[in-house]
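Student: got a structure for you, letters missing:
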Ligand SMILES: CC(C)(COP(=O)(O)OP(=O)(O)OC[C@H]1O[C@@H](n2cnc3c(N)ncnc32)[C@H](O)[C@@H]1OP(=O)(O)O)[C@@H](O)C(=O)NCCC(=O)NCCSC(=O)C[C@@H](O)CCCCCCCCCCCCC(=O)O
């Protein structure tokens, strides 16, 4: 709704829809009614539109897009304001985003508090501004700056918006008082002079024809696969070419076309999924509503290898001091050099100044003495993935650190309890699985053990946000969620290669789908020997030796091409050859290698594997459905409590295309009945692959018609 009041002959319309004053039907109707009322009230000289609770308005209520909506469309409110003879002032604090900024652009004037941010982020949810933003913003900020704001979706701060011409004044102090004063100062000025409709689009000397082509080409290559950025360009270019009303009409057509597109649905889903993951619960009780995070003022990182150095860098760039520990000076110096190198990389990219980088470095304390960890609030262990070694480190940490210190293990495979039992504080032990390269990758998989306390979980979830990661809480199992789902995905890729596909064919199927990299390129980048060691270690624990001609491993289908490549010294990019051969600057350009194809052919001949033509569709289906089936098993077992958690993990851990929501969302769009039937068919065809055993939950859900948001509940694993 919108509250109406009058002070000093100024009508005040306060948008009121907690938490961000989204433009629900009630808010739009309240705004329209308020403006009409003020226009007709002889005692009112001017109008101020503001927001309740610290924000002006975050735009349309995104939930309404799926529900359909009544009430006035906001350009109708704009048309009415354009005819008003009394000045209307937007008094902005907090955010004015999307439809919120559009409302402000209907007003004759805009003032904002210093802390305010304004923007058109619609593109992030697969839309263009639909309430006149593409038509009015270029009239206020100029074509170039408006285009940038609309295409990137990035908000700008008040001071910059003032310079751009979006705002008329930036004020300190009470925004409402400032708004009233400003409105009265404009009461005698002809409003038509301040009305954006009456101004042309500011081109600032640019030629629209050359600019339009360049912008389209740039956006096409930068936002590959995304529909909305192209529509943003088309709408802004059109606004520069045609009269105001025609431009508004076209904008609306584009907006409604995009609103029902699959991409916008997926991006809206991703927006809410990212917020859902903050709502965690533990099987033994305790959740985000009741658990209190312990303040983390200093952190220690044990192990200055590539991972540890990257983690330390995340910590110091977020403003926290960090002790980086290594066992000897030589390893420590290597780690610090690697950290410095990464930091200077961000300076070179212009993301930080050299001065800011120095300030970050001043927060780092390199050390070879565990005593330096005595007083830190949290320690992240990032030593080699070896249980015995990790237990030794934890035993020492337990003895050295103060009793309240939270001890985190950066592991991608090990059971949290088996590490926690090395200490006398298992309630304060938790897994924090960072993804390589740890400074850049946003995902942080936080893993609770059977005795991890709710406070410890609350602390690592908050810490994740502090260091600008996306923290997702999951239960402990082999590979947790990310790597557990990756296993059948990569296994199917290798089986497809054995059966006749080439690594390059598989990778191009994945990249055409929208993945940032194919699985074989990733394998080459991280090192084929890494997968080899993990497999060899797993086999060793089971008392089995893997050889190049192992077709089965404990009764399960197994592809030993990795062993074959390692035997030939093809370890990936670092050796200049792996699944591909590498050429070009720094040996970074992958090329299909006839030698590797020969190795595959010979290998298959030796094992009696008959090769055939494996189609692109089959590759995509097998890789994705095997992984999706695993996702349902993860839900079934309660490792995750919501499908949204799995999707966020894939969005941020593996770069699943955001405009496809995530694998679970993708499955919901394919239809669970179809997904289940296909998985059953693959199970019959490949009986020696455990990952094709259909998930019981998936079978149940395929009959139920329940929406994705209810899958966790249906699994009985929701803990909230
Ligand atoms: C605002 C933020 C910057 C705040 O960030 P912060 O980190 O502080 O907090 P959270 O992100 O956790 O958010 C808090 C809380 O608020 C919820 N929320 C935030 N924004 C919205 C929103 N716009 N709608 C609904 N809910 C919102 C969020 O989910 C959190 O709640 P939770 O329960 O999860 O804790 C940040 O949140 C942010 O960036 N928000 C998104 C802003 C945005 O994208 N805005 C653009 C929206 S699209 C738009 O405005 C389109 C316009 O151009 C045109 C349309 C205008 C009006 C018409 C409306 C008609 C709609 C119906 C159409 C159907 C018509 C038909 O069928 O005929």
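Tutor: All right, it came through fine. Given the structure is predicted, the values throughout are model-derived calculations rather than measurements. Residues are numbered from 1 along each chain as shown.

Student: any idea how the chain splits into domains?
Tutor: Per the record, the chain has its domains at 2-260, 299-478, 501-607, 618-719, by automatic domain parsing.

Student: worst mean pLDDT among the ones you listed?
Tutor: Among the domains of the chain, domain 501-607 carries the lowest mean pLDDT, a mean of 91.

Student: off-centre distance for that one?
Tutor: 29 Å (Cα atoms, centre = their mean, to the nearest Å).

Student: how long is that domain from one end to the other?
Tutor: By Cα to Cα, to the nearest Å, the extent of domain 501-607 from end to end equals 16 Å.

Student: strands along the stretch 351-500 of the chain, start to end?
Tutor: Assigned by DSSP state E, counting those that start in this stretch, the stretch 351-500 of the chain shows strands spanning 364-367, 378-381, 406-409, 429-434, 443-447, 470-474.

Student: please identify the most buried of these.
Tutor: Sort these by mean neighbour count, taking mean count of other Cβ atoms under 10 Å, and strand 406-409 sits at the top with a mean of 28. C-betas here are computed from N, CA, C, even on glycine.

Student: list the neighbouring strands of it plus their orientation.
Tutor: Looking at strand 406-409 with DSSP bridges, its partner strands are strand 378-381 (parallel), strand 429-434 (parallel).

Student: the ligand: which of the strands of the stretch 351-500 of the chain is closest?
Tutor: strand 470-474 (12.7 Å; Cβ to the nearest ligand atom).

Student: ok, residues contacting that closest one?
Tutor: With contact meaning Cβ atoms under 8 Å, 6 or more residues apart in numbering, strand 470-474 is reached by 274, 277, 280, 442-448, 457, 460-461, 463-465, 480-481, 639-640, 645, 648-649, 652.

Student: could you redo the last one with a cut-off of 7 Å?
Tutor: Residues from elsewhere that reach strand 470-474 (Cβ atoms under 7 Å, 6 or more residues apart in numbering): 274, 277, 280, 442-448, 457, 460-461, 464-465, 480-481, 639-640, 645, 648-649, 652.

Student: which residue, neighbours along the chain excluded, lies closest to residue 542?
Tutor: Nearest residue to residue 542, sequence neighbours excluded (Cβ to Cβ, 6 or more residues apart in numbering): residue 554, at 6.8 Å.

Student: phi, psi of the one you found?
Tutor: Dihedral pair for residue 554: phi 50, psi 50, per degrees, to the nearest 10.

Student: just the element for the closest residue to the ligand within the stretch 151-300 of the chain, please.
Tutor: As assessed by Cβ to the nearest ligand atom, the ligand sits closest to residue 275 within the stretch 151-300 of the chain, at 3.6 Å. Here residue 275 sits within helix 262-276, counting by DSSP states H and E.

Student: after that helix, next one along is what?
Tutor: Assigned by DSSP H and E, the successor of helix 262-276 is strand 299-302.

Student: what lies in contact with that following strand?
Tutor: 308, 311-312, 315, 320, 322-325, 373, 376-383, 393.

Student: will you turn the strands paired with strand 406-409 into JSON lines that also has distance to the ligand?
Tutor: JSON lines is the format used below for those (distance: least, Cβ to the nearest ligand atom, whole Å):
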{"stretch": "strand 378-381", "distance to the ligand": "23"}
{"stretch": "strand 429-434", "distance to the ligand": "22"}
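
Student: need the ones you listed in TSV (columns: distance to residue 154).
Tutor: Shown next, in TSV, are those (distance: least, Cβ to Cβ, whole Å):
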stretch	distance to residue 154
strand 378-381	31
strand 429-434	26
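
Student: residue 492 is nearest to which of the domains of the chain?
Tutor: domain 618-719 (4.4 Å; Cβ to Cβ).

Student: got the residues of this protein near the ligand?
Tutor: Residues of the chain lying near the ligand by Cβ under 6 Å from any ligand atom: 19-20, 22-23, 58-65, 68-69, 74, 95, 97-99, 102, 121-122, 124-125, 127, 129-131, 133, 275.

Student: now the buried members of the residues you listed.
Tutor: Buried residues within the residues of the chain next to the ligand, defined by neighbour count using 16 or more other Cβ atoms under 10 Å: 20, 22-23, 58-62, 65, 74, 95, 97-99, 102, 121-122, 124-125, 127, 129-131, 133.

Student: could you find the closest non-adjacent residue to the residue of the stretch 301-450 of the chain found nearest the ligand?
Tutor: In the stretch 301-450 of the chain, no residue comes nearer to the ligand than residue 442, which is 15.3 Å away by Cβ to the nearest ligand atom. The shortest distance from residue 442 to any non-neighbouring residue, by Cβ to Cβ, 6+ apart, is to residue 652 (4.4 Å).

Student: hang on, the one you found in a strand?
Tutor: No: checked against DSSP: H, G, I helix; E, B strand; the rest coil, residue 652 lies outside a strand; its state is helix.

Student: so what's it up against?
Tutor: 442-443, 470.

Student: do that again at 8 Å, thanks
Tutor: Residues counted as contacts of residue 652 (Cβ under 8 Å, 6+ apart) are 441-443, 470.

Student: how far away is the residue nearest to residue 542 from the ligand?
Tutor: Residue 554 sits 44 Å away from the ligand, going by Cβ to the nearest ligand atom, to the nearest Å.

Student: my read is that that residue contacts residue 544, right?
Tutor: Yes: contact between residue 554 and residue 544 holds when scored by Cβ atoms under 8 Å: they sit 7.1 Å apart.

Student: neighbours around residue 461, how many?
Tutor: 21 (other Cβ atoms under 10 Å).

Student: er, residue 313 I mean
Tutor: Residue 313 - counted by other Cβ under 10 Å - has 28 other residues nearby.

Student: report the contact partners of whatever residue of the stretch 451-600 of the chain ends up closest to the ligand.
Tutor: Proximity of the stretch 451-600 of the chain to the ligand (Cβ to the nearest ligand atom) peaks at residue 465, 9.7 Å away. By Cβ under 8 Å, 6+ apart, the contact list for residue 465 reads residue 471.

Student: any idea how far residue 115 is from it?
Tutor: Noted for residue 465: a distance of 20 Å to residue 115, by Cβ to Cβ, to the nearest Å.

Student: and residue 426, by the same measure?
Tutor: Computed as Cβ to Cβ, the residue 426 to residue 115 distance reads 43 Å.

Student: more crowded one of the two?
Tutor: residue 426 (22 against 15).

Student: hmm, that one is touching residue 417, no?
Tutor: Yes: using Cβ under 8 Å, residue 426 is in contact with residue 417, at 7.3 Å.

Student: now for the nearest residue to residue 678 once chain neighbours are set aside: which residues touch it?
Tutor: In space, and not counting its chain neighbours, residue 678 is closest to residue 625: 5.7 Å by Cβ to Cβ, 6+ apart. Counting by Cβ under 8 Å, 6+ apart, residue 625 touches 675, 678-679, 682.

Student: in a strand, residue 625, correct?
Tutor: No: the assignment for residue 625, made by three-state DSSP, is helix rather than a strand.

Student: for residue 313, give its distance to residue 339.
Tutor: Distance from residue 313 to residue 339, by Cβ to Cβ: 5 Å.

Student: residue 473 pairs with what?
Tutor: Bridge pairing for residue 473 - DSSP bridges - gives residue 446.

Student: same thing with residue 2?
Tutor: residue 15.

Student: these two touch, right, it and residue 36?
Tutor: No: with contact defined as Cβ under 8 Å, residue 2 does not reach residue 36; the gap is 11.7 Å.

Student: quick one, which of these two is more surrounded?
Tutor: Ranked by neighbour count (other Cβ under 10 Å), residue 2 and residue 36 place residue 2 first, with 25 against 13.

Student: how about the contacts made by the more buried one?
Tutor: Going by Cβ under 8 Å, 6+ apart, residue 2 touches 13-16, 27, 30-31, 33-34.

Student: residue 454 now?
Tutor: 282, 285-287, 290-291.

Student: got it, and residue 666?
Tutor: 624, 628, 660.

Student: let's go with 6 Å and repeat that
Tutor: residue 660 (Cβ atoms under 6 Å, 6 or more residues apart in numbering).
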